[in-house]
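Enquirer: The following comprises the amino acid sequence and a computationally predicted model.
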Amino acid sequence: MTPQQQLLRRMFDAAIASAQPALCIPRHLPELADVRGRVIVIGAGKASAAMAQAVEQHWRGRGLERVSGLVITRYGYGAPCERIEIAEAAHPVPDAAGQAAAERMLRLVHGLGADDLVLCLISGGGSALAPLPGPGLTLDDKQAINRALLASGATIGEMNTVRRHLSAIKGGRLAAACHPARVVTLLISDVPGDRPIDIASGPTVADPTTCADALAIVRRFGIALPAAAQALLESGQGESVKPGDARLARASAHIVAAPQIALVAAAQVARDAGYGAHILGDSIEGEARDVGTVLAGIALQVAARGQPFAPPCVLLSGGETTVTLRANAQTLGRGGRNVECLLAQAIALDGHPRIHGLAGDTDGVDGAEDVAGAVIGPDTLARAWALGLKPKDELANHNGHGFFGRLSDSVLTGPTRTNVNDFRALLIDAAPAG
C-alpha cells in the first residue's frame with residue numbers, strides 16, 4: 001500500500017473500533033438489581049455474539065448467574081460466553097441452522113411474566129440469521145426470496161419491508177412473543193437513517209408498513225415470489241405488529257452504535273495526519289457504480305478547483321448502496337457493493353495522480369466474500385491493464401473482488417464482530433508547490 005492508502009486503512013480500522021460492542025454496550029445496560037424476575041438475553045446479527053460477550057463482561061459480579069439466553073451470529077463470528085449460548089448460521093442466504101436457532105429463541109421467551117426482563121441484542125445481518133418462515137412458507141421459499149431481493153436492486157428498507165411480512169419473528173413479532181415481560185433492545189445500526197424497523201427487519205419494534213406495501217415493492221422490482229409467499233401477502237395474513245399494539249407497551253429500543261459514529265472516528269484519524277476531513281453523509285444509497293462515479297466527480301472537483309473543499313482532504317461517506325445484477329453480464333463474477341462502487345470510482349478517476357480511495361464493509365464481508373473491500377490509487381488502472389484486465393468489462397460482470405484480488409489490493413479484516421454498514425473514503429492530496 002502507498003502511505004496514503006495506509007492512512008485510509010487506519011481510518012477504516014478506527015471506524016470499526018468505534019463500533020465495538022465492548023465500547024458501546026455497557027452504558028446502555030439495565031441494572032440487574034432492579035429486575036425481580038428472570039433475565040433472558042436473545043438476539044441476532046453479525047455483532048450479536050460480541051454484544052453478548054460485552055453484556056456478560058459488564059454483568060459479571062453483578063448477578064450474571066441469573067442470566068440465560070441465546071443469540072445467533074454468522075459462521076465464524078462467535079465469541080466465548082459463559083451464560084449466553086451462541087448459535088452460528090448462514091448469511092446472506094439463510095440456512096436450516098438459523099431457522100432452528102430462531103425457533104429455539106421463540107421457545108425461550110414463551111411464558112414469561114411481568115417481572116421478567118428480556119434483553120435483545122440486534123445488529124445487521126439478523127434478517128438472514130434468524131429466518132423463521134411465515135405461515136405456509138418453507139426455508140426453501142425464504143432462501144429463494146432472499147436471493148431475489150439481493151439481486152433486485154431494492155434498497156435495504158424495501159427489502160426489509162418484504163421480509164417483515166413473510167416472517168414469524170420479524171416486524172415486532174419477537175417482542176410480542178415476550179409479552180408481558182419488559183423488553184430492552186440494543187441496536188447496532190447498519191442501515192441508512194438508523195431506523196430500528198430496518199435493522200434486522202425490526203423483530204422487537206412496531207412496523208407501520210403493510211402487506212400492501214410489500215406487494216407494491218415486489219411488483220416494482222419484478223420479483224417472482226413463491227406461490228405461498230404471494231398468497232400470504234395478498235391475503236393480509238402476513239401483517240406485522242403495528243404501532244399501538246398493547247404487547248409492545250413495555251418494549252424499548254436504543255441505538256448504541258451507528259455509521260455516523262464510525263465516520264467521526266475516521267475523520268479524527270485524518271485530521272491527526274494533517275488532512276481536512278469532510279463527512280458527505282452517513283446514509284447514502286443508490287446503485288453502487290453510480291454512487292462511485294458521483295463521488296469520483298466530487299473528488300476531481302476538489303483536486304482541480306478546491307471546491308467544495310480545499311485539498312489536502314479526505315471525503316468520507318457511509319450508507320448502503322445496491323447492486324442490480326445486469327442481464328448483459330457475460331460472466332457473473334465475484335462482487336460486492338463496496339468493490340463495485342470502488343471499481344467505478346477508479347474508472348472515473350482515470351489514474352488521477354493525487355487521489356486514493358478505500359471502500360469496505362465494517363463487518364468485514366462485502367457481498368458473500370470474506371473480504372471487506374479494497375483500495376485504489378493513481379496506478380490502479382495501469383496495473384490492471386498490464387495484467388490483461390479490462391476494468392470496464394470487470395465492472396460490467398460485477399467482478400470487483402476478482403479484479404482487486406488480482407491486483408493484491410483487497411482489504412482483509414477477518415470477522416470484525418460489529419457492523420455499522422459501508423465505509424468509503426477518498427483522499428485528495430494537495431498539488432505540488434510551483
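Expert: Structure's in. What do you need?

Enquirer: Which of the three states applies to L119?
Expert: strand (DSSP: H, G, I helix; E, B strand; the rest coil).

Enquirer: scratch that, R36 is what I was asking about
Expert: Secondary structure, three-state DSSP: R36 is coil.

Enquirer: Quick check: it touching D115?
Expert: Yes: between R36 and D115 a contact is recorded at 4.3 Å, counting by CB atoms under 8 Å. Every residue, glycine included, has its C-beta placed from N, CA and C.

Enquirer: biggest helix in the chain by residues?
Expert: The longest helix of the chain (DSSP state H) is helix 288-305.

Enquirer: Just give the closest residue to A200, not the sequence neighbours.
Expert: Leaving out its chain neighbours, the residue that sits closest to A200 by CB to CB, 6 or more residues apart in numbering is G126, at 2.6 Å.

Enquirer: before we move on, what about T155?
Expert: Once flanking residues are discounted, T155 sits nearest to E285: 5.5 Å by CB to CB, 6+ apart.

Enquirer: And G153, by the same measure?
Expert: What sits nearest to G153 in space, not counting adjacent residues and going by CB to CB, 6+ apart, is T324, at 3.3 Å.

Enquirer: I'd assumed the one you found was in a helix, is it?
Expert: No: going by three-state DSSP, the assignment for T324 is coil, not a helix.

Enquirer: What is the neighbour count of it?
Expert: Neighbouring residues of T324 were enumerated by other CB atoms under 10 Å; the total is 14.

Enquirer: mind checking how far it is from D140?
Expert: Distance of T324 to D140, computed by CB to CB, to the nearest Å: 24 Å.

Enquirer: repeat for G414
Expert: Taking CB to CB, one finds G414 at 31 Å from D140.

Enquirer: Same check on G76?
Expert: Per CB to CB, G76 is found 24 Å from D140.

Enquirer: cool, and E82?
Expert: Applying CB to CB, the value for E82 to D140 is 36 Å.

Enquirer: okay, how far is it across stretch 112-122, tip to tip?
Expert: End-to-end distance for stretch 112-122: 20 Å, by CA to CA, to the nearest Å.

Enquirer: what sits up against it?
Expert: Outside stretch 112-122, the residues that touch it by CB atoms under 8 Å, 6 or more residues apart in numbering are 29-30, 35-45, 47-48, 51-52, 55, 69, 71, 109, 174-175, 178-188, 199-200, 203-204, 250.

Enquirer: tell me which residues of that stretch are tucked away?
Expert: Residues of stretch 112-122 classed as buried: 112, 116-122 (neighbour count, 16 or more other CB atoms under 10 Å).

Enquirer: Save those residues as a markdown table, and put in distance to A304 and pLDDT too.
Expert: As requested, the buried residues of stretch 112-122 are exported to a markdown table (distance: CB to CB, whole Å; pLDDT from 0 to 100):
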| residue | distance to A304 | pLDDT |
| --- | --- | --- |
| L112 | 62 | 98 |
| D116 | 62 | 98 |
| L117 | 58 | 98 |
| V118 | 56 | 98 |
| L119 | 52 | 98 |
| C120 | 50 | 98 |
| L121 | 47 | 98 |
| I122 | 44 | 98 |
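
Enquirer: I'd guessed R66 sits against R38; true?
Expert: Yes: with contact defined as CB under 8 Å, R66 counts as touching R38 (7.4 Å).

Enquirer: Distance from stretch 36-44 to the middle of the chain?
Expert: 24 Å (CA atoms, centre = their mean, to the nearest Å).

Enquirer: Buried residues in it, which are they?
Expert: Buried residues in stretch 36-44 (16+ other CB under 10 Å): 38-44.

Enquirer: ok, the residues you listed vs G373, which is closest?
Expert: Comparing these against G373 with CB to CB places A44 closest, at 24.1 Å.

Enquirer: Show me which of G76 and D140 is the more surrounded one.
Expert: G76 (13 against 10).

Enquirer: so that one touches R417, yeah?
Expert: No: contact between G76 and R417 fails when scored by CB under 8 Å: they sit 9.8 Å apart.

Enquirer: Neighbours of A277, how many?
Expert: By other CB under 10 Å, the residues close to A277 number 22.

Enquirer: Can you spell out which residues form a bridge with it?
Expert: Bridge pairing for A277 (DSSP bridges) gives the partners V314.
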